[in-house]
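S.K.: sequence first, predicted coordinates after that:
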Amino acid sequence: MAQFSVQLLASIGAVVLASTLFQKLVKKTDRRLPGPPTIPLLGNALNFPRSKPWIQFLEWSREYKSDAIQLEVLGNRIIILNTIEATQELFVRRGLNYSSRPHIPILDIVGRSIDWLFLNYTADRVWRDHRKVYHREFDTQTVLHRPYETSATKVLLKKLYDNPNDFVDHLRATTGEAILGTTYGIAVQPKDDPLLAIVNKFVAALDNAMGAKAIGKSIFNVFPVLRHLPRWLPGLQFYPIADELRKSSIDMPEIPLGHVRKLMKEGTAPPSVALRALEALEETKDSPDYPHDMRVLQNVLAGIYAAGADTTLTGMRWFFFSMIKFPHVQAKARAHIDHQTEGKRLPDFGSDFGSLPYIEAVLNEVLRFFPVLPIGMPHCVVEDDVYNDCLIKKDTIVFGNSWAIMRDEKIYGPDTHVFKPERFLNEDGSRNLAIPDPDQAFGYGRRVCAGKNVAREFLWLMMASILSSFEISQGVGENGKLVEPDADHHSSGLVCHPLAFPAKIVIRSEHAKELLFNAD
Ligand code: HEM
């Protein structure tokens, strides 16, 4: 009996211990990641930083001693990863679970025609098939895109000479021209190009739908159920905006590709991503996969412009900004180019790419110091997970704080708050391989920017060509005084560009002008 009691007690003890441990574990994983206090219903809506949220996110990360912090905004859980270790762990090592995109209810109203823009990361083949096409065309074959980038850059230099005040418009036209060239082989007409009009219509419709005002105006993102109400009810003004976006998101993938097909039949289609892919698809015309592959191709082609045009333009806007703010960097960069070209020609891919480490360092420093997407693009969690002993629930939105990581002195060396291209170089001016390229500028893990390599090359060419031809300095404002560009004046969306500032852009010499106008 006594023995029985001891056994019973031992068993009960074991069960209690196991249950306590289990409860502890469950309790542990019930914990959420630290973050600023929330209030019922609104969560962090009231203490969510209104401007430069990336700075506050880093401060919270320090205050709560956690590389990942959690916020809640109107029922959405949002996690911000503030260190490279956290992004490596979640976006890379656990990439299968952290590579989807959040559901944006507002886009449900637009319908499936917009699916190609925010592809979900799913175990099935759809997303992977898209990435395969991007990989084939953009990771290794960057050289195929150089002719379009080169000719668009030459046109840019002439425009900057003729009408320097409109430099942002010229940069916008140039990035659009190079991307449409490389994607569809389209040579954009100087005025009223019909295909460019289709693309611009889509971009405007998307801006309209995704812009802060539209989202604020529309209540669908907060209460998705409302989309089942009749469209004519007052307050549902989003419908016309959605209709416009639906129409242009059908035209954007279809019409330019139709144009290439027509030229292909006539045998006059210039080289392009579209032409190469259509030729390859011709051989699989009878395969049951053909319709799927054709749809993937259409989506990829449309995605190149949607993802590449504004981002590349923004990188160039920050370049102009930096050259005005840091004239010593501008002068040094120009001296390196003159030394390489002996002042006898414009820089080009064939002779100079890879031979101008200072220009690559300037490019890196612009991307690091003024990130185009300071908190990247949102990823979304597929299944519940545990990180730092805290529960990360399915459907949580996760951002990488690229701004914070690119200011981490453990990675980028001392004084990361100073604009200093030299950090990427050795004493002798060669590339210091101990300091990595600021890859966080292009995002994370499986969703990393599909056009990273081609974007870097195009930015390099535009930067080197502009520096070799022009001097850039502060422009004059409406009051007749010189204007110092202000880094605090920038757009507030995910893509962060400086607000308009005037610039004085002057050709360096008669010789520079000759080089520019004689360039074929
Ligand atoms: C300065 C120029 C650019 C910057 C800073 C940039 C940055 C980014 C970032 C931060 C992302 C999100 C990555 C993530 O979710 O973690 C992204 C995605 C993407 N980028 Fe870029 N990008 C640039 C240019 C381009 C260009 C020229 C192309 C086209 C060839 C392109 C194609 C894409 C595509 C297709 C995606 C979506 C990838 C996916 O969802 O799987 N980007 N980019």
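M.R.: Cool, the structure landed. Residues are numbered from 1 along each chain as shown.

S.K.: please make it C-alpha for all contacts and neighbour counts, starting now.
M.R.: Will do.

S.K.: I'd assumed Ile466 was in contact with Arg508.
M.R.: No. Arg508 is beyond contact range of Ile466, at 10.3 Å (criterion: Cα atoms under 8 Å).

S.K.: of the two, which one has the most company?
M.R.: In this view Arg508 and Ile466 are compared by other Cα atoms under 10 Å, and Ile466 has more residues nearby, 22 against 14.

S.K.: that one should be in a helix, yeah?
M.R.: Yes. According to DSSP: H, G, I helix; E, B strand; the rest coil, Ile466 belongs to a helix.

S.K.: show the pLDDT at it.
M.R.: Per-residue pLDDT puts Ile466 at 98.

S.K.: mind telling me what element the closest residue to it other than its chain neighbours is part of?
M.R.: Distances taken as Cα to Cα, 6 or more residues apart in numbering put Leu157 closest to Ile466, at 6.8 Å, once the chain neighbours are dropped. Here Leu157 sits within helix 146-162, counting by DSSP states H and E.

S.K.: that helix near the ligand at all?
M.R.: No. Using Cα under 6 Å from any ligand atom, helix 146-162 stays clear of the ligand, coming no nearer than 10.9 Å.

S.K.: the following helix or strand past that helix vs the ligand: in contact?
M.R.: Next along the chain after helix 146-162, taking DSSP H and E as the criterion, comes helix 167-184. No. For helix 167-184, no contact with the ligand is found by Cα under 6 Å from any ligand atom; the gap never falls below 7.4 Å.

S.K.: just how off-centre is helix 167-184 within its chain?
M.R.: Computed by Cα atoms, centre = their mean, to the nearest Å, the chain-centroid distance of helix 167-184 equals 17 Å.

S.K.: what residues sit buried inside the helix or strand that comes right after that helix?
M.R.: Proceeding N to C from helix 167-184, the next assigned helix or strand is helix 194-210, under DSSP H and E. The neighbour-count check on helix 194-210 (16 or more other Cα atoms under 10 Å) flags 195-196, 198-206, 208-210 as buried.

S.K.: identify the farthest-apart pair in the residues you listed.
M.R.: Pairwise distances across the buried residues of helix 194-210 peak at 22.8 Å for Leu195 and Met210 (criterion: Cα to Cα).

S.K.: what residues does the protein put near the ligand?
M.R.: So far as Cα under 6 Å from any ligand atom goes, the chain lies against the ligand at 303-304, 307-308, 311-312, 315, 372-373, 376-377, 441-444, 447-452, 455.

S.K.: recalculate using a threshold of 5 Å.
M.R.: 304, 307-308, 311-312, 315, 376-377, 442-444, 447-451, 455 (Cα under 5 Å from any ligand atom).

S.K.: any of those residues buried? List them.
M.R.: Neighbour-count burial (16+ other Cα under 10 Å) applied to the residues of the chain next to the ligand gives 304, 308, 311-312, 315, 376-377, 442-444, 447-451, 455.

S.K.: ok, Ile80 touching Glu59?
M.R.: No. Ile80 is beyond contact range of Glu59, at 11.6 Å (criterion: Cα under 8 Å).

S.K.: tell me where the longest helix sits in this structure.
M.R.: Scanning the chain for the helix with the most residues, using DSSP state H, yields helix 290-325.

S.K.: centre of the chain to it, how far?
M.R.: Offset of helix 290-325 from its chain centre (Cα atoms, centre = their mean): 8 Å.

S.K.: can you tell me what sits against the helix or strand that it is followed by?
M.R.: Going down the chain from helix 290-325, the next helix or strand is helix 327-341, by DSSP H and E. By Cα atoms under 8 Å, 6 or more residues apart in numbering, the residues outside helix 327-341 that reach it are 323, 343, 347, 352, 355-356, 358-359, 362, 421, 464, 467-468, 473.

S.K.: got the CA coordinates for helix 327-341 in CSV?
M.R.: The C-alpha trace of helix 327-341 is given here as CSV (Å, rounded to 0.1, in the frame of the first residue of the first chain):
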residue,chain,number,x,y,z
PRO,A,327,30.3,68.6,-53.2
HIS,A,328,33.6,67.2,-52.1
VAL,A,329,32.3,63.7,-53.0
GLN,A,330,31.1,65.0,-56.3
ALA,A,331,34.5,66.5,-57.1
LYS,A,332,36.4,63.4,-56.1
ALA,A,333,34.1,61.1,-58.1
ARG,A,334,34.5,63.3,-61.2
ALA,A,335,38.3,63.3,-60.8
HIS,A,336,38.3,59.4,-60.8
ILE,A,337,36.2,59.3,-63.9
ASP,A,338,38.5,61.8,-65.7
HIS,A,339,41.5,59.8,-64.7
GLN,A,340,39.9,56.6,-66.2
THR,A,341,38.6,58.1,-69.4
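
S.K.: in that helix, what's buried?
M.R.: By 16+ other Cα under 10 Å, the buried positions in helix 327-341 come out as 329-330, 333-338, 340.

S.K.: swap in stretch 418-426?
M.R.: Neighbour-count burial for stretch 418-426, with 16+ other Cα under 10 Å as criterion, is recorded at 419-425.

S.K.: equivalent analysis for stretch 342-356, please.
M.R.: Buried, per 16+ other Cα under 10 Å, within stretch 342-356: 343, 345-349, 352-353, 356.
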